[in-house]
Structure formats: C-alpha cells, structure tokens
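>>> Take a look and give me a structure for this.
(one chain, ligands or ions: 1)
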Amino acid sequence: MDEALKAGKISAVANVILTVLKIAAGVLINSTALIADGIHSFVDVLGSLLVWLGIRIASKPADPSHPYGHFKAESLAEMSVGLIIILSSLLILHEATLSLINGSVPAFEMYAILVALFSALVNEILARYKIRIGLDTRSSSLIAEGKHSRVDVLSSLSVVAGLILVYLGYWWADAVVAMAISVFIFQIGAGILKNSLDVLMDRVDEEVIVKVMSVMDKIEGVESVEFVATRGTWKSKVVEVHFTVNPGMDAETIDAIEREIVDEIKGRIPGVVDVVAVVKVSRPRVLAIPVDEDGNFTRELDSPQFMIVSLESGEKKIVKNEHHKAEKRKGYLISECLEKHGVSIVAVRKVGEGAKAHLRSRGIVVKLIDSNLKDVEDIIKSFQRS
Ligand SMILES: [Zn+2]
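As a prediction, the model looks like this:
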C-alpha cells in the first residue's frame with residue numbers, strides 16, 4: 001500500500017509541473033489544444049488527490065455522531081470534483097468552437113511542441129511505473145491509473161499532431177484536437193460523478209451480493225436469507241444480511257452462527273470492512289379457524305370456538321373463545337388469546353380493520369378464504385398445499 005501511495009504522489013507532482021508548462025505555453029502561442037491538455041493534466045491531479053484524500057477520510061473510524069463511518073465525505077468531495085471536471089470539459093468545447101468560428105490560428109513555436117512531447121514522455125514513464133507497481137502490489141486501481149496515463153500520452157501526442165497540421169496549413173486542426181481532448185476530460189468527470197452517486201445512493205454491488213449468498217449457503221443452521229444489501233465504497237464496504245434460523249435454536253448456537261457469518265464474509269470478500277447480521281427466528285405455522293359448537297366454519301373471527309391446527313405436524317385442537325360475548329375490546333382480547341395459543345395465521349372470510357390491526361400487532365396474519373371453501377378440512381388442506 002505504501003508503494004502505491006508513493007506512486008500516486010509522484011504522479012501528482014509530475015502532473016502539476018506538466019499543467020503549469022502546458023497552460024503557459026498554450027496561452028503564449030494561442031493553442032486551445034495545448035491549454036486543454038494542460039487542463040487535462042490538472043484534472044488528473046485532482047483525481048489522484050481524491051484517491052489520497054479518500055483513503056485518509058474513509059479510514060477515519062466511526063464515532064457516536066457518525067456510526068456508519070465517514071466514507072460518504074469522500075463521495076461528496078468526489079461529486080463536486082466530478083461536476084467541476086465536466087464543466088471544464090464544456091468550457092474547452094466552447095473555446096474550441098469559438099476558435100473555429102473566429103478562425104484563430106496558433107503560432108508555431110518549437111518550445112510548445114517540445115512541451116507537448118515532454119508531457120507525452122513523462123506520461124509514458126508514469127504509465128510504465130504505475131503498471132509495474134500495480135502488478136507488484138496487486139492493486140487493480142493502480143494498474144487502471146497506469147492505463148489512464150497511456151491515454152494522457154495520446155492526448156499530448158495529438159496536440160503535437162495538431163500543431164504540425166496547423167503548420168502545414170490545416171488551420172482548424174488545433175481546435176479539433178482540443179474538442180477531442182474535451183471528450184476525454186468529460187469521460188473522466190462522468191466516471192468520477194457516477195462513482196460518487198453510486199456510493200451516495202447506496203447502490204448495491206451485485207458481485208458482492210452473489211458472493212455473500214454463496215457464503216451463506218455453506219453456513220450450517222441458516223434456514224433462509226431474507227435480505228442482503230451493501231453500502232460504502234469499493235475499498236470499504238458494509239454488508240447487511242438478514243437470515244432466519246429454526247425456532248427452538250438456543251441463543252449460544254445463534255450467536256455462534258452470527259459470528260461465523262461475520263468472519264466468513266469479511267474473510268472471503270475483499271473490501272468488506274463490516275458485516276451487520278440480523279437474525280430472525282422463523283415461526284412455526286399455526287392456523288386458527290373460527291368454528292361453531294358443531295365444528296363448522298363460521299367465516300368470522302367472532303365465533304364460539306377456534307380450531308387450532310399446527311400445519312407442520314397436522315396436530316389439531318379445539319379452543320373455546322372466552323371473549324365471544326365480550327362487549328368491549330373484543331378484537332384485542334381475541335388477538336391476545338390466539339397469540340397465547342401460538343397462532344400465526346387466522347382463516348376468515350371477512351374481518352374488521354380494527355381486529356385485523358390487533359392481530360397484526362401480535363404477528364398474526366389474516367388470510368381471507370375463498371367463498372367456495374366451506375369444509376374445515378378443505379381449508380386446512382388449502383394451507384398445507386401452499
Ligand atoms: Zn488523463
């Protein structure tokens with residue numbers, strides 16, 4: 001990592017020197033392309049500065065007022081830099097269009113050509129250096145940086161080509177090269193902007209999600225995974241995963257599973273700095289059917305008794321509804337009674353909104369039954385199929 005940071009610093013210093021040389025020479029000979037190439041180098045300095053700043057800010061630990069860490073500060077800086085870069089590319093495009101309209105021609109000076117050639121040479125050296133260090137330190141971002149420097153070589157060489165073409169009489173060549181460079185700059189800005197927006201909007205990293213699912217698959221005791229999300233930057237990601245375990249599992253086992261999940265995800269997926277694992281106990285499916293004294297379906301919650309069926313085992317029992325004649329808070333009292341019997345689903349044909357809300361607050365789901373289902377056994381079967 002130290003070596004990678006050093007490469008970034010060297011690259012930034014070289015680009016600052018090139019920025020000054022190219023903009024000065026560009027202004028002196030009135031070459032829009034050379035000025036544009038100078039701005040390009042400056043934009044690259046901003047980019048390297050961001051990487052450096054990002055590593056520093058994102059590594060600042062979470063504190064009580066920023067419990068999720070500080071990684072978004074980096075993205076906010078990135079977003080503003082992205083916008084500045086896009087604006088500068090539009091400015092160059094505007095200048096180049098003006099020089100085409102006005103037919104302005106840059107002066108042909110040897111020193112300007114030498115400045116552009118020097119820039120191409122420096123960038124080629126930087127490209128080779130960064131790619132070599134990138135391969136050594138297995139840093140894909142540094143290799144990408146190195147390839148970017150190759151684009152910078154092309155940018156400066158096209159300035160030289162443009163100036164030579166102008167010398168040969170193609171007066172418009174300099175402005176056209178400037179336009180091409182503005183497209184390069186625009187692309188850099190758009191890339192930085194997109195990256196920052198992805199982080200700020202908590203865009204999910206699909207690749208990480210797939211890896212998390214395959215890790216979860218192999219962990220014993222996890223019944224199902226209900227939710228996976230990622231947030232953060234490519235170098236520091238937080239994974240959130242919600243999973244269910246079988247009811248009756250003791251707290252120690254659940255704790256061990258949770259720890260295994262955190263360790264496995266952190267250990268196997270690069271860039272993950274934190275894992276939030278949320279456990280849910282999947283409830284057994286217990287169905288309550290309102291019935292009358294003869295055991296017939298009464299369609300409504302307010303019935304003399306309930307048939308309570310464990311859908312997993314098929315075990316049945318009849319429970320008397322003590323609140324059948326209650327005058328007040330009937331929905332509340334019946335919900336309380338059903339919860340006591342471990343009911344998770346109630347089958348009715350219709351239900352009042354109040355009673356439905358009481359049931360839901362106790363984790364009991366109301367299922368409305370089709371009017372052609374009248375027989376209690378048929379109702380039970382319809383639940384066992386689903
Ligand atoms: Zn560049």
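>>> what's the burial count for H94?
Number of residues near H94 (other Cβ atoms under 10 Å) recorded here: 10. To be clear about C-beta, it is placed using only N, CA and C from the backbone, and glycine gets the same treatment.
>>> pLDDT score assigned to it?
pLDDT, H94: 91.
>>> what's the helix or strand where it lies packed up against?
Assigned by DSSP states H and E, H94 belongs to helix 71-102. If contacts are counted by 3 or more Cβ pairs under 8 Å, 6 or more residues apart in numbering; DSSP states H and E, helix 71-102 sits against helix 32-58, helix 173-200.
>>> ok, which residues in the stretch 51-200 of the chain are in contact with the ion?
Residues of the stretch 51-200 of the chain lying close to the ion by Cβ under 5 Å from the ion are D152.
>>> worst average pLDDT in the helices and strands packed on helix 71-102?
helix 32-58 (a mean of 82).
>>> I'd like the next helix or strand past the strand or helix carrying E258.
Using DSSP H and E, E258 maps to helix 251-268. On the C-terminal side of helix 251-268, the closest following helix or strand by DSSP H and E is strand 272-281.
>>> now that next one and helix 32-58, what's the angle there?
50 degrees (axes from the mean of the first three to the mean of the last three Cα atoms, to 10 degrees).
>>> for the next helix or strand after strand 272-281, packing partners?
Next along the chain after strand 272-281, taking DSSP H and E as the criterion, comes strand 286-291. Counting contacts by 3+ Cβ pairs under 8 Å, 6+ apart, strand 286-291 is packed against strand 305-310, strand 345-348, helix 376-385.
>>> And the residue sitting furthest away from the middle of the chain, how close does it get to Q305?
Distance from the centre of the chain peaks at D294, with 58.0 Å (Cα atoms, centre = their mean). From D294 across to Q305, the span is 10 Å (Cβ to Cβ, to the nearest Å).
>>> Only the buried residues of the helix or strand of the chain with the lowest mean pLDDT, if you could.
Here the helix or strand of the chain ranked lowest by mean pLDDT, DSSP states H and E is helix 32-58, holding a mean of 82. For helix 32-58, the neighbour count (16 or more other Cβ atoms under 10 Å) marks 32-48, 50-51, 54-55, 57-58 as buried.
>>> And for stretch 157-166?
For stretch 157-166, a neighbour-count test (16+ other Cβ under 10 Å) marks L157, S158, V159, V160, G162, L163, L165, V166 as buried.
>>> Which one of those is nearest to K328?
Distance to K328, by Cβ to Cβ, is smallest for S158 among those, at 85.0 Å.
>>> Quick check: chain neighbours aside, which residue is closest to the closest one?
V177 (5.0 Å; Cβ to Cβ, 6 or more residues apart in numbering).
>>> Report the residue ranges of every domain in this protein.
2-200, 206-281, 286-385 (automatic domain parsing).
>>> Could you say which of those is packed most deeply?
Burial of the domains of the chain is given as mean neighbour count (mean count of other Cβ atoms under 10 Å); domain 2-200 ranks first at a mean of 18.
>>> Quick one: end-to-end length of that domain, please.
The first and last residues of domain 2-200 sit 28 Å apart, counting by Cα to Cα, to the nearest Å.
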